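Participant: Fold the following and give me the result.
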Amino acid sequence: MRSALPKLRLLSFWHYQIAGWTTLWLADFALISFKPMPLRDIVTESLEVPLAFTLSLLLRQIYKRVDYRSITILALIGYIAFWSLVFTVLWYASIATLWFFATGPSAISFLDYRVALRWINYFVPIWLGWSSLYFGLKFWRDWEDQKDRARKAVALAQRARLQMLRYQLNPHFLFNALNSVRALIQEDKKHAKDMITELSEFLRYSLIHRDHSDVPLREELDAIRHYLSIEKKRFEDKLKVTFHIDPKAEDYPVLSFLIHPLVENAIKYGMKTSPMPLKIHIEAAMREGNLRIAVNNSGSWLSRPEDGKGTLDGTGTGLTNVRTRLENAYPGRHRFTVKRNNGSVGITIDIYKELKA
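Facilitator: Okay, the predicted model is just below:
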């Protein structure tokens with residue numbers, strides 16, 4: 001049923017108009033065919049529904065002038081009842097005129113109030129039904145349009161939020177990278193030049209993907225390698241990095257700048273707590289169609305002195321943003337895990353292809 005509703009919504013007024021009146025005409029014609037009557041009467045009676053079809057187009061023009069969104073339901077019901085009665089009389093008068101031209105004086109029977117009441121009892125429900133369906137479809141389409149606008153608004157807000165969170169990372173990284181270049185430029189100009197080259201490659205990645213929320217994992221890892229190359233030139237033998245990447249995972253789409261905050265935190269806090277050299281291991285693997293990304297570093301977890309609850313000391317913006325971006329991009333389809341072992345810290349991101357129960 002859910003898949004059929006959007007298709008029904010695409011149907012225009014004319015689809016419903018033609019289908020509805022054609023169905024009524026076929027039902028009426030089927031009843032006529034069982035009655036023994038002259039061909040003239042069959043033709044005349046078979047024109048009654050086409051007359052109503054034509055009159056309904058006039059009623060539609062009247063209804064189009066109604067600001068149904070700004071009036072009460074009771075007022076709308078009264079409006080429908082009034083015009084349904086008016087068009088019942090018009091339809092009856094049109095049929096009486098048609099029969100007068102077809103049969104002559106015998107059509108005088110239409111002036112009998114008992115005949116008129118019988119026809120009116122038949123016509124009024126038809127016009128009430130047509131009018132109710134007309135406004136019912138309008139209300140339904142308005143409701144669907146409102147839901148669409150709400151969905152689009154949520155999607156735009158979510159995209160803007162993800163964009164904002166991602167852009168928070170770039171200045172953060174740039175600040176740290178430029179500090180690294182400044183620290184190195186007096187000691188080794190060649191290494192400083194190489195570092196600037198790596199930085200330009202990283203920023204190139206940032207510019208290319210600034211309007212794309214998802215990138216292949218391979219490209220994200222290439223950007224991480226540029227960043228680590230900068231840091232290795234700065235720390236030299238104090239930093240060792242290893243990768244273990246499943247080839248099947250390289251094309252998996254991930255949020256751009258998803259892994260960078262994990263690596264940045266591993267270096268920042270690992271340098272404070274790890275015996276040298278600081279060891280960082282980055283891993284990505286596919287398991288039953290699900291992606292697992294892990295960043296492990298030697299050292300220990302730093303807690304805020306004031307709370308002691310395991311919150312990272314210093315700026316926690318990076319990991320907070322990662323959590324928020326995951327919640328927005330993969331609701332119910334991800335897991336963010338921090339493991340604190342003796343002598344090491346590990347952060348794991350699992351992205352599932354289906355919702356987790």
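
Participant: Spit out the contact partners of Phe13.
Facilitator: Arg60 (C-beta atoms under 8 Å, 6 or more residues apart in numbering). C-beta here means a position set from N, CA and C on the backbone, and glycine is covered the same way.

Participant: just His244 next, same as before
Facilitator: Listed by C-beta under 8 Å, 6+ apart, the contact set of His244 reads 281-285.

Participant: any idea of the mean pLDDT in the helix or strand where it lies?
Facilitator: Under the criterion of DSSP states H and E, His244 resides in strand 239-245. Regarding strand 239-245, the rounded mean pLDDT is 94.

Participant: Tell me the helix or strand right after that strand.
Facilitator: Downstream of strand 239-245, the first helix or strand assigned by DSSP H and E is strand 253-255.

Participant: Just checking: what are the partner strands of the strand holding His244?
Facilitator: Strand 239-245 sits in its sheet next to strand 278-287 (parallel), going by DSSP bridges.

Participant: Just the buried positions in the partner strand, please.
Facilitator: Across strand 278-287, burial judged by 16 or more other C-beta atoms under 10 Å covers 278-284, 286.

Participant: okay if I get those residues as JSON lines plus pLDDT and distance to Trp127?
Facilitator: Output for these, formatted as JSON lines (pLDDT from 0 to 100; distance: C-beta to C-beta, whole Å):
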{"residue": "Leu278", "pLDDT": "93", "distance to Trp127": "82"}
{"residue": "Lys279", "pLDDT": "94", "distance to Trp127": "82"}
{"residue": "Ile280", "pLDDT": "95", "distance to Trp127": "77"}
{"residue": "His281", "pLDDT": "96", "distance to Trp127": "76"}
{"residue": "Ile282", "pLDDT": "96", "distance to Trp127": "72"}
{"residue": "Glu283", "pLDDT": "95", "distance to Trp127": "71"}
{"residue": "Ala284", "pLDDT": "95", "distance to Trp127": "67"}
{"residue": "Met286", "pLDDT": "93", "distance to Trp127": "63"}
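
Participant: one step back: may I see the contacts of His244 arranged in JSON lines, with distance to Val124 as well?
Facilitator: Shown next, in JSON lines, are the contacts of His244 (distance: C-beta to C-beta, whole Å):
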{"residue": "His281", "distance to Val124": "80"}
{"residue": "Ile282", "distance to Val124": "76"}
{"residue": "Glu283", "distance to Val124": "75"}
{"residue": "Ala284", "distance to Val124": "70"}
{"residue": "Ala285", "distance to Val124": "71"}
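
Participant: Strands along this protein, start to end?
Facilitator: Assigned by DSSP state E, the chain shows strands spanning 214-216, 239-245, 253-255, 278-287, 290-298, 334-341, 344-351.

Participant: Return the distance of the longest one from the chain's centre.
Facilitator: Averaging C-alpha positions (C-alpha atoms, centre = their mean, to the nearest Å) puts strand 278-287 33 Å from its chain's average.
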